[in-house]
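A.B. asks: predicted model follows, preceded by the sequence.
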Amino acid sequence: MSKSSRQNTTYKISFIDRFRMAISLHKKNAMTTLLDVFRHPANSLLTILVLAIALALPSAFYVFSSNAKAISSNWSGGVQMALFLKDNVNQQQRADLIQELSFRPEFKEVVLVPKEDAIEEFKQQSGFGNALDYLNENPLPDSIILTPYETHADADSLEQLAQELEQNPMVDIAQLDMAWIQRYQAILEISQKIGTFVSILLAFGVLLIVGNTIRLAILNRREEIQVIKLVGATDAFIRRPFLYSGFWYGLIAALLAALMVNIVLFLLLQPSSTLAELYNSGFSLIGLAPTQTLSLLAIGSALGLFGAWFSVSKHLKDIQPT
């Protein structure tokens, strides 16, 4: 045998060939694991449903929280301030004060409510009309109703403005009708923090569910993993299909979660529109925007991928060829 024939032949694989091979393996693993999800629906359906519910709950909370914020903004835009004038203010002083307030940039509307109109309105709304007729004089003062622009309708600005106007010698009381809005916003802020905490817990739940599902898949393929490790397969090669499985679980569950949220919003659309009409409001429910839907899909697939990674990293090292 010649010397040249006894020499080993070395083949160099270019970077492009390695890249193409990697893409081909990833494509094959992705398609195979996706088909496995649908090929065994009995095993996959329950896992996907549980993941979808875990993703749908914080998504639904986020949507309803956004709608609650929109309602709060509409209410803030309708906040009014009432200035109750002192009894010794004459007609000319009252007119001068109304003109002064009309020129201020904070208010879009300044309305005078004479004491005569105020007592008539109180009679109609209170139901004590006959009893009020026995009063010798009108106990209600003249008042001025101020409606601020939306840019000046935040709580801090209005409170400072009310304190400033109350210093006017013609004003007895400056009453700001937004305490109930502040309570509503405080409740909304607390619920948002609770929702964030629950969302974090559910995210950990998704990681655990995906991790446990992948753990069972690894145990079912234990002998196969031992064989391919025996012939020289690397951990990265073995890990790849399990990672794709976790990715598909998370992505499909996120799609189903988005569908659940949209179905709930569709069912509530007509009742919410009817309620808004009763209150003469133009409010309508706000659903998941396309960017928010994409974010939900990204979060779901990322949680599935990370859950699978943690599970594979923990259990794969315990399987060695015998």
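C.D. replies: Yep, that arrived.
A.B. asks: every contact and neighbour count from this point should use C-alpha atoms.
C.D. replies: Will do.
A.B. asks: elements contacting whichever helix or strand Ser24 is part of?
C.D. replies: Assigned by DSSP states H and E, Ser24 belongs to helix 15-39. If contacts are counted by 3 or more CA pairs under 8 Å, 6 or more residues apart in numbering; DSSP states H and E, helix 15-39 sits against helix 235-278.
A.B. asks: what's the mean pLDDT across the helix holding Ser24?
C.D. replies: Helix 15-39 comes out with an average pLDDT of 75.
A.B. asks: tell me the helix or strand right after that helix.
C.D. replies: Counting by DSSP H and E, what follows helix 15-39 is helix 41-77.
A.B. asks: which strands and helices lie in contact with that following helix?
C.D. replies: Checking 3+ CA pairs under 8 Å, 6+ apart, helix 41-77 ends up next to helix 179-220, helix 235-278.
A.B. asks: what do you get if the cut-off is 10 Å, keeping everything else the same?
C.D. replies: Judged by 3 or more CA pairs under 10 Å, 6 or more residues apart in numbering; DSSP states H and E, helix 41-77 is in contact with helix 15-39, strand 143-148, helix 179-220, helix 235-278, helix 290-315.
A.B. asks: okay, these in TSV with distance to Phe103 next?
C.D. replies: Putting the helices and strands packed on helix 41-77 into TSV (distance: least, CA to CA, whole Å) gives the following:
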stretch	distance to Phe103
helix 15-39	68
strand 143-148	12
helix 179-220	27
helix 235-278	34
helix 290-315	43
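A.B. asks: so which of these is nearest Ser66?
C.D. replies: Distance to Ser66, taken as CA to CA, is lowest for helix 179-220 among the helices and strands packed on helix 41-77, at 10.0 Å.
A.B. asks: re the thing from before, what would the helices and strands packed on helix 41-77 look like in CSV with mean neighbour count?
C.D. replies: Shown next, in CSV, are the helices and strands packed on helix 41-77 (neighbours: other CA atoms under 10 Å):
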stretch, mean neighbour count
helix 15-39, 14
strand 143-148, 21
helix 179-220, 16
helix 235-278, 19
helix 290-315, 20
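A.B. asks: pick out the shakiest of these, pLDDT-wise.
C.D. replies: Lowest mean pLDDT within the helices and strands packed on helix 41-77: helix 15-39, a mean of 75.
A.B. asks: can you list contacts of stretch 99-116?
C.D. replies: With contact meaning CA atoms under 10 Å, 6 or more residues apart in numbering, stretch 99-116 is reached by 80-85, 93-96, 98, 121, 138-153, 157-158, 161, 165.
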